[in-house]
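Chemist: Predicted model follows, preceded by the sequence.
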Amino acid sequence: MSKHIVILGAGYGGLLAAQNVRKYYTKEQAKVTLINKYPTHQIITELHRLAAGNVAEQAVAMPLEKLLKGKDVDLKIATVDSFSVDNKEVALTDGSTLTYDALVVALGSVTAYFGIPGLEENSMVLKSAADANKIYNHVEERIREYAKTKKEEDATILIGGGGLTGVELVGELADILPKLTKKYGVDFKEIKLLLVEAGPKILPVLPENLIQRATESLEARGVKFLTGLPVTNVAGNVVDLKDGQKIVTNTFVWTGGVQGNPLVGVSGLEVNRGRATVNDNLQSTSHPEVFVAGDSAVYFPADGDGRPAPPTAQIAWQMGELIGYNLFAFLEGKSLDTFKPVNSGTLASLGRKDGVAIIGANSTPLKGLPATLMKEASNVRYLTHIKGLFSLAY
Ligand code: NAD
């Protein structure tokens, strides 16, 4: 009898699982339903470029229909309202429900606000192409406004959180602002481009010399860093920092962290701080017919130091691929493959022409053009892969 596989989310993990499962299962053997709230697969590692108008939307948001062409995947553009792993049921916000033989949970993460008063209501985020467009339009509007009113809050742009998301965004903004301000007859020197970070330094995942390099590169382009200063409260356009200073800004983007999708926490799956715990086959530790990929999962590598794998695109992508096979193996009673993540490094762009990275198992440091090219190559490699051209390239 034909099996039904339901995949929740078409980000890195979900899309790759959907594409890969078809290598093993024909449409007669298994029906695959993929549910996503947008009709596009979004390259979220490149959203900072869209937020600064440095790339076309089509480059970061690709029609899922095209990516799934010929794969016999039943694509449903819908929002998951809830799912119950004990009832084996998924409820969509349009009122419909689905049942499954095997489920893939790849619902990504949501922004973490850490209970900071006023933060969610008074900030923008960078989690989707729509968010990126909103930031770009907003920044341009504030500069246009500043040209007329000269209100300092319109000339102040604040990024909250100095992880990879915040730093890549500020780098891209530093690149475009001189041109954007010129367009409206504003002197770029009048703009305050600030990044506030709670910890003692930005990009704590990178070694000290690369942090130094990133800081200098961005400061030279007009970014001011406020480190060791957590945001403690936001009221309207006033952002309070721990030392008592207040930043008045009409542009505040919060990039202070992510947390598991709340739907996972109430689904009945065993969770650890809101993410589903998985075994080495990427099955839920409580429900073996449920596989979990990407930011929805918390996976502890066997050879790790007891810390979970970071919620990165490359891990999500690899998880999705493995799950594609394991769905087939599980439903057909064959032996499942073990997840062996390959960490190719961490690449941070600092605008269009600069970057810092650690590459490979030895964490070889790279900076400047080689890091920029490496980041571009890694994006091209991914796009080639999902567009199904990988085999033609070899
Ligand atoms: P993050 O959690 O890595 O960084 C958030 C930063 O915000 C931290 O440095 C934290 O100290 C700071 N912060 C938290 N609370 C704060 C407060 N109250 N005030 C000021 N600062 C505060 O989040 P992210 O940058 O969105 O990254 C999330 C995940 O995605 C990470 O695993 C990251 O590696 C990955 N990512 C990777 C890339 C890339 O590979 N180029 C790009 C973006 C994100």
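Modeler: Perfect, thanks for sending it.
Chemist: Not counting its own residues, what contacts stretch 234-252?
Modeler: Applying CB atoms under 8 Å, 6 or more residues apart in numbering, the set of residues contacting stretch 234-252 from outside is 116-119, 121-124, 138-139, 142, 145, 151-154, 156-158, 160, 194, 196, 198, 226, 229-233. In short, each C-beta sits where N, CA and C put it, glycine included.
Chemist: can you narrow those to ones near the ligand?
Modeler: Checked against the ligand using CB under 6 Å from any ligand atom, the contacts of stretch 234-252 give the following subset in range: 116, 160, 196, 198, 230, 231.
Chemist: Could you count how many residues lie near the nearest residue in space to the second one that is not next to it in sequence?
Modeler: Meaning residue 160. Taking CB to CB, 6 or more residues apart in numbering, and ignoring the residues beside it in sequence, residue 160 has residue 254 as its nearest neighbour in space, at 4.6 Å. In terms of burial, residue 254 registers 25 neighbours under the definition other CB atoms under 10 Å.
Chemist: residue contacts, the residue of the stretch 51-200 of the chain found nearest the ligand?
Modeler: Among the residues of the stretch 51-200 of the chain, residue 163 lies nearest to the ligand; the distance is 2.1 Å by CB to the nearest ligand atom. Residues in contact with residue 163 (CB under 8 Å, 6+ apart) are 202, 203, 204, 205, 255, 256, 257.
Chemist: so what's the third one scoring on pLDDT?
Modeler: The predicted local distance difference test score for residue 204 is 94.
Chemist: coming back round to it: only whichever of the contacts of stretch 234-252 are buried, select them in PyMOL.
Modeler: Command for PyMOL, covering only those of the contacts of stretch 234-252 found buried under the criterion 16 or more other CB atoms under 10 Å:
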select buried, resi 116+118+119+122+123+124+138+139+142+145+153+154+156+157+158+160+194+196+198+226+229+230+231+232
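Chemist: on that earlier part again, tell me how far the residue nearest to residue 160 lies from residue 237.
Modeler: As defined by CB to CB, to the nearest Å, residue 254 lies at a distance of 14 Å from residue 237.
Chemist: Which among the contacts of residue 163 count as buried?
Modeler: For these, burial is judged from neighbour counts taken by 16+ other CB under 10 Å, and it is met by 202, 203, 255, 256, 257.
Chemist: Those: which ones sit near the ligand?
Modeler: Restricting the buried ones among the contacts of residue 163 to those within reach of the ligand (CB under 6 Å from any ligand atom) leaves 255, 256, 257.
Chemist: Need the nearest residue in space to the second one, chain neighbours excluded.
Modeler: The one in question is residue 256. residue 161 (3.5 Å).
Chemist: ok, now which ones touch the residue most central in space within the chain?
Modeler: Centre of the chain computed as the mean C-alpha position; nearest residue by CA atoms, centre = their mean is residue 44, 4.6 Å away. With CB under 8 Å, 6+ apart as the criterion, the residues that contact residue 44 are 11, 60, 127, 128, 313.
Chemist: Provide the backbone phi and psi angles at the second one.
Modeler: Spelled out, that is residue 60. As for residue 60, its main-chain torsions (degrees, to the nearest 10) stand at phi -120, psi 0.
Chemist: Quick check: mean pLDDT of the helix or strand hosting residue 356?
Modeler: With the criterion set as DSSP states H and E, the secondary-structure element containing residue 356 is strand 355-359. Per-residue confidence for strand 355-359 averages out to 94 on the pLDDT scale.
Chemist: And that strand, what does it pack against?
Modeler: The helices and strands touching strand 355-359, judged by 3 or more CB pairs under 8 Å, 6 or more residues apart in numbering; DSSP states H and E, are helix 208-220, strand 345-349, strand 364-367, helix 369-386.
Chemist: hmm, back to that, now tabulate the contacts of residue 163 in CSV and tack on secondary structure.
Modeler: As requested, those are exported to CSV (DSSP: H, G, I helix; E, B strand; the rest coil):
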residue, secondary structure
202, coil
203, coil
204, coil
205, coil
255, coil
256, coil
257, coil
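Chemist: how about the residues you listed, which pair is most distant?
Modeler: Between all members of those, the longest pairwise span (CB to CB) is found for 205 and 256 and amounts to 15.0 Å.
Chemist: Let's see the pLDDT reported for the residue nearest to residue 261 when sequence neighbours are not counted.
Modeler: Once flanking residues are discounted, residue 261 sits nearest to residue 107: 4.1 Å by CB to CB, 6+ apart. The model reports residue 107 with a pLDDT of 98.
Chemist: Contacts only, for residue 107.
Modeler: Under the criterion of CB under 8 Å, 6+ apart, the contact partners of residue 107 comprise 8, 9, 80, 261, 263, 264, 295, 296.
Chemist: likewise residue 265?
Modeler: 271, 274.
Chemist: Check the gap between it and residue 109 for me.
Modeler: Here the distance between residue 265 and residue 109 works out to 12 Å (CB to CB).
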